[in-house]
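Visitor: Below is the sequence, then the predicted model.
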Amino acid sequence: MRCSIPAQPSMTSQAAPVARLLGRVAGCALHRRAAAVPLEQLHASSTGQWLAARSSSTAAARTLAGKNIFQLRAAVETVEAPVAQDSKQQPQEQKIVALPTSDESEKLLRIRHSCAHIMAMAVQRLHKDAQVTIGPWIDRGFYYDFDLPTPLSDKDLKAIRKEMQKIVRMNLPFIREELSPAEAEARIKQINEPYKLEILQSILARDSAAPITIYHIGETDHPAHWWDLCAGPHVESTGAIPVDAFELESVAGAYWRGDEKNAMLQRIYGTAWESAEQLAAYQHLKVEAARRDHRKLGQELDLFSIQEHAGGGLVFWHPKGGITRHIIESFWKDLHLQRGYDLVYSPHIAKVDLWKTSGHFDFYKENMYDQMQVEEELYQLKPMNCPFHVAMYKDGYYSYRDLPKRWAELGTVYRYERSGTMHGLFRVRGFTQDDAHIFCLPDQIASEIKGVLDLTEEVLSAFGFTQYEVNLSTRPEGHIGGDEIWDTAEAALRESLAAKGWNYVVDEGGGAFYGPKIDVKIQDAIGRKWQCSTIQLDFNLPERYITMGSF
């Protein structure tokens, strides 16, 4: 039985500018360092020499892995401080301020979720015609979406924050109430909140027996009483939130339920912490992150541009960015060849039948561009390389003695992204993907995946990333293939992770429709985690091509 392992060991060319040796920071600091060296010197140097020249800071950098910019600056100042000649002089210690995400701190999660409610309450106290929608916590803050007839300004944010502080000082209790769907519907209609009514209906559509709860701020007879349809959790009272530890950050547009056919809402983003000290550290971190914003550096260093008149989300690499990209790609190719991979190249377009056979068309078509007609046949810009590599493998004749076959490609793919979701180089419509497929025997799976994990670590560590969040994503609803195949595939991934010695979290139902996967995430300058590497095990794709015949 043949099985393919679509392996994305590490850096995509799309993500190439997001590495920095010392800072572990997503952005273009790598390019900034490269641009400081004469281009002819870069061009003349081999990749190995270039990386070796940067290795002097690697040992120190590894001791700082996983820290955010605020922590890194403090730690670096301590490490680099000169030894005092006067023995009476002691080096000044730098205090490191921890900035947990909501997932890492139950207390902060409750604070942030409660701040979202307090903000909505404040907005409706100041803007009587505001209608509320949803207001969740996020990694380091919260947001709430409002339907308002007039746009909000920075001046409005200041007034809303001031009103929030008044509510906090009132020390009003958060009170949970469970009620019947009919009662909830009646109360929502009474206060004329159509979005909340739609949310209630969607909850009941998923599960007619789902518990319906609302959270009150203040007793029902209190003049300031306010309530919201919500599952919680929250703090005990508004007074549990430090009045000087939250801030409103920005206003952005957001379509209701993420659908551009729906109403455009106004989303207010905020951040909240346990102390003013944490808030100050976070704000300092944001300033540092802004200086490293890859979009800003890309323009300043003349590395790349996105020409809106040519189309959003399409990247133009300028000469300086081109040579930097060439160095990184050369490093990638050399390393893969050393690790027993063969390089392949595939077209940018093919008949749509390939993706129908693979199953991608059924599960991924909303992210694929419309087909084009060529001589009475439908062709598709490729959104992924998988069917091409399988087609090449199927075209050959291989004995089990020839396996494994490791094929790697820097393949350019095209995916439809809504205009509101695109973001610099991180979310684009066309990008070059570090992609590889391994065709192997079942008894080779564990060792091959272990090899991919080793390769992932080698590439990421070359750019200074040594601390990862690893997730094992299991079968989702609507997957293809039987449970026996999935059990075998998931067991193989667990075995490989155990052999590697990496700790991981199981993401139940987070796998691809065709197989389970291992996701490796890195952390950027403001503490956000980004998907950087994926190792997927696919028993189903080879079977589909074998059983469904030629295309």
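Guide: Yes, it's here.

Visitor: I'd like to know the average pLDDT value across the strand or helix carrying residue 431.
Guide: Assigned by DSSP states H and E, residue 431 falls within strand 430-440. Mean pLDDT, strand 430-440: 91.

Visitor: Stretch 263-275 too?
Guide: For stretch 263-275, the per-residue pLDDT averages 95.

Visitor: low-confidence ranges in the stretch 51-200 of the chain?
Guide: Applying pLDDT under 70 to the stretch 51-200 of the chain flags the ranges 51-95.

Visitor: give me that answer again for 80
Guide: Applying pLDDT under 80 to the stretch 51-200 of the chain flags residues 51-96.

Visitor: can you map out the strands along it?
Guide: For the stretch 51-200 of the chain, the strands defined by DSSP state E, counting those that start in this stretch cover 131-132, 137-138, 141-147, 174-179.

Visitor: Near the closest residue to residue 512 other than its chain neighbours, how many residues? Count them for me, please.
Guide: Nearest non-adjacent residue to residue 512, counting by C-beta to C-beta, 6 or more residues apart in numbering: residue 536, 5.9 Å away. C-betas here are computed from N, CA, C, even on glycine. Residue 536 sits with 24 neighbouring residues when counted by other C-beta atoms under 10 Å.

Visitor: Quick check: bridge partners of residue 536?
Guide: For residue 536, the beta-bridge partners are residue 517 (DSSP bridges).

Visitor: Quick check, it in contact with residue 519.
Guide: No - using C-beta atoms under 8 Å, residue 536 makes no contact with residue 519, being 9.4 Å away.

Visitor: Please find the angle between the direction vectors of the helix or strand where residue 324 lies and strand 430-440.
Guide: Element membership for residue 324, per DSSP H and E: helix 319-338. On the basis of axes from the mean of the first three to the mean of the last three C-alpha atoms, to 10 degrees, helix 319-338 is oriented at 0 degrees to strand 430-440.

Visitor: chain center to helix 319-338: distance?
Guide: Centroid separation for helix 319-338 versus its chain: 24 Å, with C-alpha atoms, centre = their mean, to the nearest Å.

Visitor: Just checking: what are the partner strands of the helix or strand following that helix?
Guide: The helix or strand immediately downstream of helix 319-338 is strand 342-343, counting by DSSP H and E. Strand 342-343 has the following strand partners under DSSP bridges: strand 405-414 (parallel).

Visitor: Contacts for the strand it pairs with, please.
Guide: Identification of contacts with strand 405-414 by C-beta atoms under 8 Å, 6 or more residues apart in numbering yields 13, 329, 332-333, 336, 339-346, 348, 369, 381-385, 388-389, 392-393, 398, 429-440.

Visitor: Quick check on those residues: which are buried?
Guide: Buried members of those, counted by 16 or more other C-beta atoms under 10 Å: 13, 329, 332, 336, 339, 341, 344, 346, 381-385, 388-389, 392-393, 429-440.

Visitor: Wait, residue 486 touches residue 479, no?
Guide: Yes - Residue 486 is in contact with residue 479 according to C-beta under 8 Å; the separation is 6.9 Å.

Visitor: hmm, back to that, name the helices or strands packed onto the strand holding residue 431?
Guide: strand 3-8, helix 386-394, strand 405-414, helix 445-462 (3 or more C-beta pairs under 8 Å, 6 or more residues apart in numbering; DSSP states H and E).

Visitor: try 10 Å this time
Guide: The contact analysis (3 or more C-beta pairs under 10 Å, 6 or more residues apart in numbering; DSSP states H and E) places strand 430-440 against strand 3-8, strand 315-317, helix 319-338, helix 386-394, strand 405-414, helix 445-462, strand 529-536.

Visitor: got the CA positions of the last one in CSV?
Guide: Which is strand 529-536. The C-alpha trace of strand 529-536 is given here as CSV (Å, rounded to 0.1, in the frame of the first residue of the first chain):
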residue,chain,number,x,y,z
LYS,A,529,1.2,32.6,17.0
TRP,A,530,1.4,31.9,13.3
GLN,A,531,1.1,28.6,11.5
CYS,A,532,4.6,28.0,10.0
SER,A,533,4.9,24.3,9.2
THR,A,534,2.5,21.4,8.6
ILE,A,535,3.2,17.7,8.2
GLN,A,536,0.2,15.8,6.9
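
Visitor: List the buried residues in the helix holding residue 324.
Guide: The neighbour-count check on helix 319-338 (16+ other C-beta under 10 Å) flags 320, 321, 323, 324, 325, 327, 328, 329, 331, 332, 335, 336 as buried.

Visitor: Apart from its neighbours in sequence, what residue is nearest the second one?
Guide: Pointing back at residue 321 there. With C-beta to C-beta, 6+ apart as the criterion, residue 321 has its nearest non-adjacent residue at 3.4 Å, and that residue is residue 303.

Visitor: Residue ranges in the stretch 351-500 of the chain under the pLDDT threshold?
Guide: Residue ranges of the stretch 351-500 of the chain with pLDDT under 80: 357-364, 419-421, 466-467, 478-483, 485.

Visitor: how long is stretch 214-229 end to end?
Guide: End-to-end distance for stretch 214-229, by C-alpha to C-alpha, to the nearest Å: 4 Å.

Visitor: Likewise for stretch 374-383?
Guide: With C-alpha to C-alpha as the measure, stretch 374-383 spans 18 Å from end to end.

Visitor: now that stretch, how far from the chain's geometric center?
Guide: Put simply, stretch 374-383 sits 31 Å off its chain's centre (C-alpha atoms, centre = their mean).

Visitor: again, but for stretch 302-310
Guide: Offset of stretch 302-310 from its chain centre (C-alpha atoms, centre = their mean): 23 Å.

Visitor: again with stretch 372-382
Guide: Centre-to-centre, stretch 372-382 and its host chain are 32 Å apart (C-alpha atoms, centre = their mean).

Visitor: Return the set of buried residues in it.
Guide: 379, 380, 381, 382.

Visitor: what's the answer for stretch 260-269, then?
Guide: Using 16+ other C-beta under 10 Å as the burial criterion, the residues of stretch 260-269 that qualify are 265, 266, 267, 268, 269.

Visitor: for these, which one is nearest residue 494?
Guide: Of all those, residue 269 has the smallest distance to residue 494: 37.9 Å, by C-beta to C-beta.

Visitor: just checking, what packs against whichever strand or helix holds that closest one?
Guide: Residue 269 belongs to strand 264-272 when assigned by DSSP H and E. Packing contacts for strand 264-272, counted by 3+ C-beta pairs under 10 Å, 6+ apart, involve helix 106-126, strand 137-138, strand 141-147, helix 154-170, strand 246-255, helix 276-291.

Visitor: Distance to residue 311 and mean neighbour count added to these, as JSON lines?
Guide: Compiled in JSON lines, the helices and strands packed on strand 264-272 are given as follows (distance: least, C-beta to C-beta, whole Å; neighbours: other C-beta atoms under 10 Å):
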{"stretch": "helix 106-126", "distance to residue 311": "36", "mean neighbour count": "22"}
{"stretch": "strand 137-138", "distance to residue 311": "30", "mean neighbour count": "19"}
{"stretch": "strand 141-147", "distance to residue 311": "29", "mean neighbour count": "23"}
{"stretch": "helix 154-170", "distance to residue 311": "32", "mean neighbour count": "16"}
{"stretch": "strand 246-255", "distance to residue 311": "21", "mean neighbour count": "17"}
{"stretch": "helix 276-291", "distance to residue 311": "27", "mean neighbour count": "17"}
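
Visitor: Please tabulate these in TSV, including the columns distance to residue 461.
Guide: TSV is the format used below for the helices and strands packed on strand 264-272 (distance: least, C-beta to C-beta, whole Å):
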stretch	distance to residue 461
helix 106-126	31
strand 137-138	29
strand 141-147	31
helix 154-170	42
strand 246-255	34
helix 276-291	23
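
Visitor: Out of these, the one nearest residue 239 is which?
Guide: Across the helices and strands packed on strand 264-272, the minimum distance to residue 239, taken as C-beta to C-beta, is reached by helix 154-170, at 6.4 Å.

Visitor: can you dump the C-alpha coordinates of that closest one into PDB?
Guide: The C-alpha atoms that make up helix 154-170 are tabulated as PDB, following Å, rounded to 0.1, in the frame of the first residue of the first chain:
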ATOM      1  CA  ASP A 154     -10.600  58.100  18.000                       C
ATOM      2  CA  LYS A 155     -12.400  60.800  20.000                       C
ATOM      3  CA  ASP A 156     -15.400  58.400  20.500                       C
ATOM      4  CA  LEU A 157     -13.000  55.700  21.700                       C
ATOM      5  CA  LYS A 158     -11.700  58.000  24.500                       C
ATOM      6  CA  ALA A 159     -15.300  58.700  25.500                       C
ATOM      7  CA  ILE A 160     -16.200  55.000  25.500                       C
ATOM      8  CA  ARG A 161     -13.100  54.200  27.600                       C
ATOM      9  CA  LYS A 162     -14.000  56.900  30.100                       C
ATOM     10  CA  GLU A 163     -17.600  55.500  30.300                       C
ATOM     11  CA  MET A 164     -16.200  52.000  30.800                       C
ATOM     12  CA  GLN A 165     -14.100  53.300  33.800                       C
ATOM     13  CA  LYS A 166     -17.300  54.700  35.300                       C
ATOM     14  CA  ILE A 167     -18.900  51.300  35.000                       C
ATOM     15  CA  VAL A 168     -15.900  49.500  36.600                       C
ATOM     16  CA  ARG A 169     -16.000  51.900  39.500                       C
ATOM     17  CA  MET A 170     -19.700  51.100  40.100                       C
END
